[in-house]
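S.K.: give me a model of this one.
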Amino acid sequence: MAVVAIISILAMVAMSSYSDFLTRSKIGEGMVFAAEAKTAVTGYYYDTQELPQNNRQAGLPEPNSYDRHEYIRKLALSTTEPFGVVTITFKLTGTKEDRKTLQFIPATRNGKVSWTCLPPEENGVDVSKVPANCRG
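M.R.: Numbering: from 1, shown residues only. Down below sits the predicted model:
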């Protein structure tokens, strides 16, 4: 009986760890879409010395068109200041991270663009679920 109890506890811990791993990998897949958006924003900035104010201006698909992908609901550039911020809303049905967001925030200095990846305080992905380079 004790062996069954120990195995049950170990199985519960393993399932929780596996579930977290799956969620992190799905969020990591969103980084591919973020890279495309960051490249578009950076290119627009280098051409105009301004950050784009929406997806269309940066040459990206409409925000809701990303819903056709398995783990992304929406990818939108900020339409209010600060411009150029890329916000990904995840489609992770059955997890706490469903409909949560991750942001990529541009900074322009000396004619160059650098990026910071952060989950926003409001409705952001749990920090433990984001890739290591987005944990501040």
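S.K.: just the strands from the protein, written as ranges.
M.R.: 72-77, 86-90, 101-109, 112-118 (DSSP state E).
S.K.: relative to Ser128, which of those is closest?
M.R.: Nearest to Ser128 among the strands of the chain is strand 101-109; the distance by C-beta to C-beta comes to 12.9 Å. In short, each C-beta sits where N, CA and C put it, glycine included.
S.K.: so which bits of that closest one are buried?
M.R.: Buried residues in strand 101-109, defined by neighbour count with 16 or more other C-beta atoms under 10 Å: 101-106.
S.K.: and that strand with strand 72-77, angle?
M.R.: 20 degrees (axes from the mean of the first three to the mean of the last three C-alpha atoms, to 10 degrees).
S.K.: which outside residues touch strand 101-109?
M.R.: Taking C-beta atoms under 8 Å, 6 or more residues apart in numbering as the criterion, the residues outside strand 101-109 that touch it are 27, 30, 34, 37-38, 41-42, 45, 51, 82, 84-90, 113-120, 123-125, 130, 134.
S.K.: return the helix or strand in the chain with minimum mean pLDDT.
M.R.: Each helix and strand of the chain was given a mean pLDDT (mean pLDDT, DSSP states H and E); the minimum falls on helix 2-48 at a mean of 79.
S.K.: so how far is Ala107 from Ser19?
M.R.: According to C-beta to C-beta, to the nearest Å, Ser19 and Ala107 sit 35 Å apart.
S.K.: how about CSV for the strands of the chain, with distance to Asn55 and mean pLDDT added?
M.R.: Below are the strands of the chain laid out as CSV (distance: least, C-beta to C-beta, whole Å; pLDDT from 0 to 100):
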stretch, distance to Asn55, mean pLDDT
strand 72-77, 5, 96
strand 86-90, 10, 97
strand 101-109, 14, 95
strand 112-118, 17, 94
